[in-house]
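J.: What follows is a predicted protein model with its sequence.
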Amino acid sequence: MSTKTESAGEEPMIDSRDDLLSVFAKGEKPAARWRIGTEHEKFVYRTADHRAPSYDEKGGIRDLLMAMTRFGWEPVMEGDNVIALTGADGAISLEPAGQLELSGAPLENLHQTCAETGRHLRQVKEIGAEMGLGFLGLGMWPDKTRAELPIMPKGRYDIMLRHMPRVGNLGLDMMLRTCTIQTNLDYASEADMVQKFRVSLALQPLATALFANSPFTEGKPNGKLSYRSHIWTDTDPHRTGMLPFVFEDGFGYERYADYMLDVPMYFVYRDGKYIDAAGQSFRDFLKGELPAYKGQKPHIGDWNDHLSTAFPEVRLKSFLEMRGADGGRWNRICALPAFWVGLLYDQAALDAAWDVVKGWSIADHHRIRAEVPTLGLKTLAPDGRTFQQLGRAILDIARAGLTARAQVNALGENEASFLNPLDEIIDSGKTKAELLLERYQGEWQGDVRHVYEEMSF
């Protein structure tokens, strides 16, 4: 989730609807300036007993963040608390229960992305070895109850933790017990954004299947391959889901702005503090009638904040965010951006992917999204193929797209090799979740604690 570093009150006022749309339009870039942003979260635990450390305890999350400054990271404060770090490789931030996230810098190619990931993981492992901390690459805590988890001292999280139980049954699980990998990508124009949004939204469930990695809850199998993905189906219907309007004629910046104006607010940020506006309307804010902040109208920064509080499977800000994947270990962090860059950053690949999904109905999208957390690669596409079969075709398109980009490293290798972990999944027909379940039912003899050995960085 986003970390706020300055007051929205310092931003220009919103004077017209055009100001709302300008945030999207300013994201337009020629292909030569397209970049890749990768975000990945991991669970932090005590190696001695697998306990999740609190923020304030000795050797806890605050100390972890401060220890990272030896590598040149600069602290970001909220009141007296360091709640994030900034540096050349982007930003390190905290999810609500202390999950550690790297929001990587915008980079030109996947070789740089994977190098950035490697640098970050080497740093956290060095600190972790000194402090007795480990880092777990899964989509959901495999053994922790909500009550066993700490809460990080961030103002927006206080508001969200109060609000989530009002609108869904699993929102607190989303905040406290999940981790993800995300990819942020650019677009050239409104039309380009629309095509990329439609393709990536239609294929987001395939990414969920390929990266399914959350089969355990509180020490036992939970009946899902991606329980993290299932959680989003009962978090908050006003700000999640497949957004059927994206596939309707006329979709563009205006329609997405209308959607966001209908998403209830969480907060207003002023002078370093969060004002609770949960459930209130941004439309009222535009009129100066927001109950939580009467007589005041929003700034552009408020709109940017609000855009970060919707959680659909694909999200539009000044770039597109791919949000369907569970957290995982190093090669998966490199594989997710490879999957989406291959499909979206080469026009021939993008057109080929669109040809695959353009005939899918809204009912198809909803069915697939509902089934994939449980069925994974056994989910049926609308043409009758399994997702394993569909995945082979889509990976072939992504590989061709990466090859066409011709971005090579010092050894002359292009970016397509980053798809290899996904090829292995498609060839075997087994997701990581299924392999973990086999281990649990076999050699682990029902003891989920072994997952810490299997899935730690």
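T.: Structure's in. What do you need?
J.: ok, now which ones touch residue 89?
T.: Listed by C-beta atoms under 8 Å, 6 or more residues apart in numbering, the contact partners of residue 89 are 102, 104-105, 116, 119-120. Every C-beta, even on glycine, is put in place using the N, C-alpha and C of the backbone.
J.: Mind checking which of those land in helices?
T.: Counting by DSSP state H, those place 116, 119-120 in helices.
J.: Select from those the one having the most neighbours.
T.: residue 120 (23 neighbours; other C-beta atoms under 10 Å).
J.: I'd say that one and residue 102 touch.
T.: Yes. Checked against C-beta atoms under 8 Å, the pair residue 120 and residue 102 is within contact range at 4.8 Å.
J.: overlap in contacts of the two?
T.: 89, 92.
J.: Report how many residues lie close to residue 359.
T.: By other C-beta under 10 Å, neighbour count at residue 359 equals 9.
J.: if I look at residue 50, how far off is residue 219?
T.: Using C-beta to C-beta, to the nearest Å, residue 50 is found at 11 Å from residue 219.
J.: between the two, what contacts are shared?
T.: Shared contacts of residue 50 and residue 219, counting by C-beta under 8 Å, 6+ apart, come down to residue 143.
J.: for the chain, what's the longest strand?
T.: Across the chain, the longest stretch assigned as strand under DSSP state E is strand 36-46.
J.: Centre of the chain to that strand, how far?
T.: Offset of strand 36-46 from its chain centre (C-alpha atoms, centre = their mean, to the nearest Å): 10 Å.
J.: do the same with stretch 310-325
T.: 7 Å.
J.: could I have it exported to CSV, CA atoms only?
T.: This file holds the C-alpha atoms of stretch 310-325, laid out as CSV (Å, rounded to 0.1, in the frame of the first residue of the first chain):
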residue,chain,number,x,y,z
ALA,A,310,-9.3,1.1,-4.7
PHE,A,311,-8.1,-2.5,-5.1
PRO,A,312,-9.5,-4.0,-8.4
GLU,A,313,-7.6,-6.7,-10.1
VAL,A,314,-6.0,-4.1,-12.3
ARG,A,315,-5.7,-0.5,-11.1
LEU,A,316,-5.2,2.8,-13.1
LYS,A,317,-3.3,5.7,-11.7
SER,A,318,-0.7,7.4,-13.9
PHE,A,319,0.2,3.8,-14.9
LEU,A,320,-1.4,0.4,-14.8
GLU,A,321,-0.9,-1.9,-11.8
MET,A,322,-1.2,-5.7,-12.2
ARG,A,323,-2.6,-7.0,-8.9
GLY,A,324,-3.4,-10.7,-9.3
ALA,A,325,-0.4,-12.6,-8.0
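J.: pLDDT below threshold where in the protein?
T.: The chain contains residues with pLDDT under 70 at 1-10.
J.: So which residue is dead centre in it?
T.: residue 182 (3.8 Å; C-alpha atoms, centre = their mean).
J.: Ramachandran angles for that one?
T.: phi -130, psi 160 (degrees, to the nearest 10).
J.: So it sits against residue 323, correct?
T.: Yes. The criterion here is C-beta under 8 Å, and residue 182 meets it with residue 323 at 5.7 Å.
J.: buried sites along the helix or strand hosting residue 369?
T.: Assigning secondary structure by DSSP states H and E places residue 369 in helix 362-375. Neighbour-count burial for helix 362-375, counted by 16 or more other C-beta atoms under 10 Å, picks out 364-365, 367-369, 371-375.
J.: what's the answer for stretch 410-427, then?
T.: Buried, per 16+ other C-beta under 10 Å, within stretch 410-427: 414-419, 421-423, 425-426.
J.: mind listing the helices for the stretch 101-250 of the chain?
T.: Along the stretch 101-250 of the chain, counting by DSSP state H, counting those that start in this stretch, helices occupy 110-131, 155-167, 171-177, 190-210, 227-231.
J.: Make JSON lines from those and add distance to residue 355 to it.
T.: Formatted as JSON lines, the helices of the stretch 101-250 of the chain follow (distance: least, C-beta to C-beta, whole Å):
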{"stretch": "helix 110-131", "distance to residue 355": "24"}
{"stretch": "helix 155-167", "distance to residue 355": "38"}
{"stretch": "helix 171-177", "distance to residue 355": "34"}
{"stretch": "helix 190-210", "distance to residue 355": "10"}
{"stretch": "helix 227-231", "distance to residue 355": "26"}
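J.: Can you say which of these is packed in most?
T.: Ranked by mean neighbour count, the helices of the stretch 101-250 of the chain are led by helix 227-231 with a mean of 27 (mean count of other C-beta atoms under 10 Å).
J.: Give the full set of residues in contact with residue 133.
T.: Residue 133 touches 44-47, 53, 59, 64, 127, counting by C-beta under 8 Å, 6+ apart.
J.: if we go to 7 Å?
T.: 44-47, 53, 64 (C-beta atoms under 7 Å, 6 or more residues apart in numbering).
J.: same check, this time on residue 334
T.: 110, 113-114, 117, 418 are the contacts of residue 334 under C-beta under 7 Å, 6+ apart.
J.: re the thing from before, with respect to residue 356, which of the helices of the stretch 101-250 of the chain lies nearest?
T.: helix 190-210 (8.2 Å; C-beta to C-beta).
J.: quick one: the helices in the stretch 301-450 of the chain?
T.: 330-344, 347-357, 362-375, 387-405, 420-428, 432-441.
J.: send the alpha carbons of stretch 110-127 over as CSV?
T.: Listed next in CSV are the C-alpha coordinates belonging to stretch 110-127 (Å, rounded to 0.1, in the frame of the first residue of the first chain):
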residue,chain,number,x,y,z
LEU,A,110,13.9,-6.9,-16.7
HIS,A,111,17.6,-7.5,-16.2
GLN,A,112,17.7,-4.3,-14.1
THR,A,113,14.5,-5.4,-12.3
CYS,A,114,16.0,-8.7,-11.3
ALA,A,115,19.3,-7.1,-10.2
GLU,A,116,17.3,-4.6,-8.1
THR,A,117,15.4,-7.5,-6.5
GLY,A,118,18.7,-9.3,-5.8
ARG,A,119,20.2,-6.2,-4.1
HIS,A,120,17.2,-5.8,-1.9
LEU,A,121,17.1,-9.4,-0.8
ARG,A,122,20.8,-9.5,-0.1
GLN,A,123,20.4,-6.4,2.1
VAL,A,124,17.4,-7.7,4.1
LYS,A,125,19.0,-11.1,4.6
GLU,A,126,22.2,-9.5,5.9
ILE,A,127,20.3,-7.5,8.4
